[in-house]
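[1] Here is a sequence with its predicted model. Questions after.
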Amino acid sequence: MQTHDHAAHRMPPATAAETSRRSRWVFGGFALLAVLLLGFEHRMHLSGLIAPYLILLACPLMHLFMHGGHGHGGGDGKSDGGEGK
């Protein structure tokens, strides 16, 4: 039986840093793909979970930004009700 040497065709072994970096990129790619697929497949469920919280968040924001229209923003100590009679 004939034998021949394949040593000339072998790739040099990768260092630990190259293997670690490559495995992080592969894991990151799979994680990104999983997040995208979950997001596209379940967007209706996610919007049903997020919408009530957005409405609740709008209440204090509207109170902060729209409160000045009815006389509470002056701070001068004078009251508008019933003076001058």
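    That came through, no problem. This one's a predicted model, so the numbers in the text were calculated from it and none came from an experiment.
[2] in this protein, which spans are helices?
    16-41, 43-66 (DSSP state H).
[3] give me the number of residues near G39?
    As a burial measure, G39 scores 10 neighbours (other CB atoms under 10 Å). Placement of C-beta: from N, CA and C, glycine included.
[4] Throw the helices of the chain into TSV and include distance to H4 and mean pLDDT, thanks.
    Shown next, in TSV, are the helices of the chain (distance: least, CB to CB, whole Å; pLDDT from 0 to 100):
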stretch	distance to H4	mean pLDDT
helix 16-41	29	88
helix 43-66	58	80
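[5] TSV for those, including distance to Q2?
    Formatted as TSV, the helices of the chain follow (distance: least, CB to CB, whole Å):
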stretch	distance to Q2
helix 16-41	35
helix 43-66	62
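[6] now for those, which one comes closest to R10?
    Smallest distance to R10 across the helices of the chain (CB to CB): 16.3 Å, for helix 16-41.
[7] Look at G75 and report its pLDDT.
    Per-residue pLDDT puts G75 at 55.
[8] Send over stretch 39-56 as PDB, restricted to the C-alpha atoms.
    The C-alpha trace of stretch 39-56 is given here as PDB (Å, rounded to 0.1, in the frame of the first residue of the first chain):
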ATOM      1  CA  GLY A  39     -39.400  40.500  16.000                       C
ATOM      2  CA  PHE A  40     -41.000  39.900  12.600                       C
ATOM      3  CA  GLU A  41     -43.000  36.900  13.600                       C
ATOM      4  CA  HIS A  42     -44.300  38.300  16.800                       C
ATOM      5  CA  ARG A  43     -44.700  42.000  16.100                       C
ATOM      6  CA  MET A  44     -48.500  42.000  16.700                       C
ATOM      7  CA  HIS A  45     -48.000  40.500  20.100                       C
ATOM      8  CA  LEU A  46     -45.300  43.000  20.900                       C
ATOM      9  CA  SER A  47     -47.400  45.900  19.900                       C
ATOM     10  CA  GLY A  48     -50.200  44.700  22.100                       C
ATOM     11  CA  LEU A  49     -47.800  44.700  25.100                       C
ATOM     12  CA  ILE A  50     -46.200  48.100  24.400                       C
ATOM     13  CA  ALA A  51     -49.300  50.200  23.500                       C
ATOM     14  CA  PRO A  52     -50.800  50.400  27.000                       C
ATOM     15  CA  TYR A  53     -47.500  51.500  28.400                       C
ATOM     16  CA  LEU A  54     -47.200  54.300  25.800                       C
ATOM     17  CA  ILE A  55     -50.700  55.500  26.700                       C
ATOM     18  CA  LEU A  56     -49.800  55.600  30.400                       C
END
